[in-house]
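**Student:** Sequence isn't available, so here's the structure alone:
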């Protein structure tokens, strides 16, 4: 096992790109990030966010007791030993580029070579190829996986021998062409001269030529019994080999005051107290090192009573802890005055833009926001973005983070700023009741069903289709994010959307709003550029965002695009030239977008919500 040096990957990459179960590229190796059992408890700290913790418990079980930050090295003291993310080499099959030898690490044909004082350059070599100049072995670029989250080495022996075989001959991976074409790349057995091209492992024929899934979780060193899925061949580094499933919550204020507020702010530490004696030991130990100073002057009995009240409050709160957006929406939708001085939640309402008072009810400038994100699992092949919300991924598709039920999960906190735009409910309802919108929704559901049948028919009745309100708000958020990225000083990947789209039901009130906020985990997230745009020139930027959508560089192909016909996409009039955003900025992976719902296009003129966008003269700079 090796450890990736701290600093090579940012916390956001560990959470969303190279998290537990993902394959990371080291300089000379490919390695998989191991499960929670192999993480060492050094360099991490607890993160407090009760709403998110309750949501995590609803998904993973009540045994989850805390959210922990990713390990960080104490650079000032030079404490780097045993601090980091544990990795193990994977795939475990290597190939010698000089003699084409293909064998697993366990065969002993390859030797681990770690240069002196340069552990980051660890590599495997093939000493028998050339004793004087041994060749560096490289990981094979083929893996197999299934949509239940399992991952395994490519079954080379089974594949080349076309089934189970007793042949013990050594294998060769031969690539006669520099193009790497799979129709020319072949595997050969030296023992029986059997050969086979890699193209036979892909497509429709791949399902017939490959064995069933073994249910392997290499990041847990374990196997699941009874997986009935078919193996699918993936290339090393394929984007569909790992998708994170994460939950996020904004830190919204509570009505707590005085001692209750102090307890809430220090809840991560105080929640560990199970008795009055335990509380005394915790408070004494923490205050001796300069922490919990806010509790000085309060009697222990009072603190213990406040802890009991908070626990009781948590048990009696929302019936649906998985619904993280509704409490946020209620605060955004009812805020009428400036809120402060909470360092993690400062809202300032402003009037809606002058030219769009019939569209927006209010605008909220979020001068300070705190978001906490927790990793609860991951998927392979099946993207969580296909679901209405990442928290709705069925458990059978969610791969676990540990062999046993986890007692903690990795998390990170982000501080930034944002702009919330509250749409008028009467305007949204009138737009939804148009005949053209209702007919368009029928096509949306048809395209969604066809798309699921093309990818995974088992999910046709599992994944609900978003309503037209979501498509409208989602498209508007993307248009505004693209415009803000040009003006506010943040790059496009530093912005993120949070869509509050809910048609009124007996159980839940209607929601119609968009929060665009900074999602960078460093100081770039609080530069103030986003709030200044909303405070000074929001009217202008909305006009600019909408006018930029009228003509796309890819028109008329973009305006005419329909997923009902192509069955491989879930967007309408949208593309990289007009409406797409970076994948990390979008809730749904650039699906369910349609600029024809916002403005008239070359193909559709009667479905748009915004009509007053022509003849606008930009104000002088």
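**Tutor:** Looks like it arrived, so ask away. All values reported here derive from a predicted model rather than from experimental measurement.

**Student:** Distance check, the closest residue to residue 393 other than its chain neighbours against residue 241.
**Tutor:** The spatially closest residue to residue 393, leaving aside those adjacent along the chain, is residue 384, at 5.1 Å (C-beta to C-beta, 6 or more residues apart in numbering). From N, CA and C alone the C-beta is placed, and that goes for glycine too. From residue 384 over to residue 241 the distance is 14 Å, taken as C-beta to C-beta, to the nearest Å.

**Student:** So which of these two has more stuff around it?
**Tutor:** residue 384 (21 against 18; other C-beta atoms under 10 Å).

**Student:** List the residues that contact the more buried one.
**Tutor:** By C-beta atoms under 8 Å, 6 or more residues apart in numbering, the contact set of residue 384 is 243, 244, 245, 390, 393.

**Student:** swap in residue 152?
**Tutor:** With the criterion set at C-beta under 8 Å, 6+ apart, residue 152 makes contact with 143, 144, 145, 213, 214, 216, 218, 231.

**Student:** same thing but at 10 Å, please
**Tutor:** 90-92, 143-146, 211, 213-218, 223, 231 (C-beta atoms under 10 Å, 6 or more residues apart in numbering).

**Student:** do the same with residue 66
**Tutor:** Residues counted as contacts of residue 66 (C-beta under 10 Å, 6+ apart) are 44, 46-48, 53, 56, 268, 271-272, 407-409, 411.

**Student:** what's the lowest-pLDDT member of the residues you listed?
**Tutor:** Among the contacts of residue 66, residue 268 carries the lowest pLDDT, at 68.

**Student:** Could you report the neighbour count for residue 506?
**Tutor:** 5.

**Student:** Let me fix that, I meant to ask about residue 343.
**Tutor:** Neighbour count for residue 343, taken as other C-beta under 10 Å: 10.

**Student:** So that it lines up with my notes, have the first residue be 194 from now on.
**Tutor:** Sounds good: first residue 194 from here, last item residue 536.

**Student:** which of the contacts of residue 577 sit farthest apart?
**Tutor:** By the measure C-beta to C-beta, 437 and 586 form the most distant pair in these, at 10.8 Å.

**Student:** follow-up on the earlier one: from the contacts of residue 259, which would you call buried?
**Tutor:** The neighbour count (16 or more other C-beta atoms under 10 Å) marks 237, 239, 240, 241, 246, 249, 461, 464, 601, 602, 604 as buried among the contacts of residue 259.

**Student:** so can I have TSV of these showing distance to residue 299 and secondary structure?
**Tutor:** Formatted as TSV, those follow (distance: C-beta to C-beta, whole Å; DSSP: H, G, I helix; E, B strand; the rest coil):
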residue	distance to residue 299	secondary structure
237	32	coil
239	39	strand
240	39	strand
241	44	coil
246	41	helix
249	37	helix
461	43	helix
464	45	coil
601	32	strand
602	32	strand
604	35	strand
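
**Student:** Make TSV out of those residues and add distance to residue 727.
**Tutor:** As requested, the buried ones among the contacts of residue 259 are arranged in TSV below (distance: C-beta to C-beta, whole Å):
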residue	distance to residue 727
237	36
239	34
240	28
241	29
246	31
249	32
461	33
464	37
601	37
602	34
604	29
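
**Student:** ok, back up a step: now for residue 577 and residue 434: what residues contact both?
**Tutor:** Residues touching both residue 577 and residue 434 (C-beta under 10 Å, 6+ apart): residue 571.

**Student:** Distance of residue 607 relative to residue 302?
**Tutor:** Residue 607 is 46 Å from residue 302, where distance means C-beta to C-beta.

**Student:** So between these two, which is more surrounded?
**Tutor:** Higher neighbour count among residue 607 and residue 302: residue 607, with 22 against 19, using other C-beta under 10 Å.

**Student:** thinking again about what came up before, closest to residue 207 among the buried ones among the contacts of residue 259?
**Tutor:** residue 604 (10.9 Å).

**Student:** so what's that closest one bridging to?
**Tutor:** residue 567 (DSSP bridges).

**Student:** Please determine how far it is located from residue 212.
**Tutor:** As judged by C-beta to C-beta, residue 604 and residue 212 stand 12 Å apart.

**Student:** which residues are in contact with both of these two?
**Tutor:** Common contacts of residue 604 and residue 212 (C-beta under 10 Å, 6+ apart): 263, 439, 568.

**Student:** Once you drop chain neighbours, what's closest to residue 342?
**Tutor:** residue 592 (2.8 Å).

**Student:** now do residue 235
**Tutor:** Residue 235 sits nearest to residue 276 (C-beta to C-beta, 6+ apart), 4.9 Å away.

**Student:** now swap in residue 608 and tell me
**Tutor:** Nearest non-adjacent residue to residue 608, counting by C-beta to C-beta, 6+ apart: residue 563, 5.2 Å away.

**Student:** again with residue 692
**Tutor:** residue 666 (5.2 Å).

**Student:** Touching, residue 545 and residue 732? I think so.
**Tutor:** Yes - between residue 545 and residue 732 there is a contact under C-beta atoms under 10 Å: 8.9 Å.

**Student:** Comparing those two, which residue is more hemmed in?
**Tutor:** Ranked by neighbour count (other C-beta under 10 Å), residue 545 and residue 732 place residue 545 first, with 20 against 15.

**Student:** How about the contacts made by the more buried one?
**Tutor:** 551, 552, 553, 554, 555, 556, 614, 615, 616, 617, 731, 732.

**Student:** likewise residue 688?
**Tutor:** Contacts of residue 688 (C-beta under 10 Å, 6+ apart): 609, 611, 670, 673-675, 677-678, 681, 709-713, 718, 723, 774-775, 777-778.

**Student:** For it, give the beta-bridge partners.
**Tutor:** residue 711.

**Student:** and the gap between it and residue 764?
**Tutor:** Residue 688 is 19 Å from residue 764, by C-beta to C-beta.

**Student:** quick one: the residue nearest to residue 342 and residue 214 touch, right?
**Tutor:** Yes - using C-beta under 10 Å, residue 592 is in contact with residue 214, at 5.8 Å.

**Student:** More neighbours: the two, which one.
**Tutor:** Higher neighbour count among residue 592 and residue 214: residue 214, with 26 against 22, using other C-beta under 10 Å.

**Student:** What strand or helix carries residue 264?
**Tutor:** Residue 264 is part of no helix or strand when elements are defined by DSSP states H and E.

**Student:** Next one, pLDDT for the residue nearest to it when sequence neighbours are not counted please.
**Tutor:** Closest residue to residue 264 apart from its sequence neighbours, by C-beta to C-beta, 6+ apart: residue 236 at 3.5 Å. pLDDT for residue 236: 77.

**Student:** So residue 236 belongs to a strand, correct?
**Tutor:** No - Residue 236 sits outside any strand when classified using DSSP: H, G, I helix; E, B strand; the rest coil, being coil.

**Student:** Distance check, it against residue 735.
**Tutor:** To residue 735, residue 236 is 45 Å away according to C-beta to C-beta.

**Student:** Neighbour count: those two, which is higher?
**Tutor:** A count of neighbours by other C-beta under 10 Å puts residue 735 above the other of residue 236 and residue 735, at 23 against 17.

**Student:** Is that one in contact with residue 676, as I believe?
**Tutor:** Yes - at 7.9 Å, residue 735 counts as touching residue 676 under the criterion of C-beta under 10 Å.

**Student:** Now list whatever residues contact both of those two.
**Tutor:** With contacts taken as C-beta under 10 Å, 6+ apart, residue 735 and residue 676 have no neighbour in common.
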